[in-house]
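S.K.: task: produce atomic coordinates for the following.
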Amino acid sequence: ERAFLAGLDGSCETPIAGLSVLNGTSVNLRGEVLRPDGSESIQDQASAPLEDAKELGATMADKLLKQAGPGFFDWHS
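M.R.: Presented below is the predicted three-dimensional model:
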């Protein structure tokens, strides 16, 4: 979760969610980014061996940022 949030440069003004669940020797990660007005969301879910959890979070953050595109988090008029 921390690598996911760091990759998205999460702040109190960035609507993002991440949940990781340990499953034996693997980790399942669900992530979501939303437009500040809630009009659109992009989600992903993936699993990896526990030792690759940090990479999983960073990769998912990068993937969602690319899907969102420039200006997705802009909330100023």
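S.K.: in the helix or strand of the chain at the bottom of the mean pLDDT ranking, what counts as buried?
M.R.: Here the helix or strand of the chain ranked lowest by mean pLDDT, DSSP states H and E is helix 2-7, holding a mean of 88. Neighbour counts over helix 2-7 (16 or more other CB atoms under 10 Å) mark Ala3, Phe4, Leu5, Gly7 as buried. In this view, the C-beta of every residue, glycine as well, is placed from N, C-alpha and C.
S.K.: surely the first one meets Ala61?
M.R.: Yes - counting by CB atoms under 8 Å, Ala3 touches Ala61, with 7.2 Å between them.
S.K.: pull the longest helix from the chain.
M.R.: In the chain, assigned by DSSP state H, the helix with the most residues is helix 53-68.
S.K.: any idea how far that one is from the middle of the chain?
M.R.: Relative to its chain's centre, helix 53-68 lies at 6 Å (CA atoms, centre = their mean, to the nearest Å).
S.K.: next one: stretch 59-77
M.R.: 10 Å.
S.K.: kindly export that stretch (C-alpha atoms) in CSV.
M.R.: Extracted as CSV, the C-alpha positions of stretch 59-77 are listed here (Å, rounded to 0.1, in the frame of the first residue of the first chain):
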residue,chain,number,x,y,z
THR,A,59,3.8,-1.0,-10.8
MET,A,60,0.1,-0.6,-10.1
ALA,A,61,0.5,3.1,-9.3
ASP,A,62,2.3,3.6,-12.6
LYS,A,63,-0.4,1.7,-14.5
LEU,A,64,-3.2,3.7,-13.0
LEU,A,65,-1.4,7.0,-13.6
LYS,A,66,-0.9,6.2,-17.3
GLN,A,67,-4.6,5.2,-17.6
ALA,A,68,-5.7,8.4,-15.9
GLY,A,69,-3.7,10.7,-18.1
PRO,A,70,-2.7,14.3,-17.5
GLY,A,71,-5.0,16.5,-15.5
PHE,A,72,-7.0,13.6,-13.9
PHE,A,73,-6.4,14.8,-10.4
ASP,A,74,-6.8,18.5,-11.2
TRP,A,75,-9.4,20.1,-8.9
HIS,A,76,-8.6,23.8,-9.3
SER,A,77,-10.8,25.8,-11.7
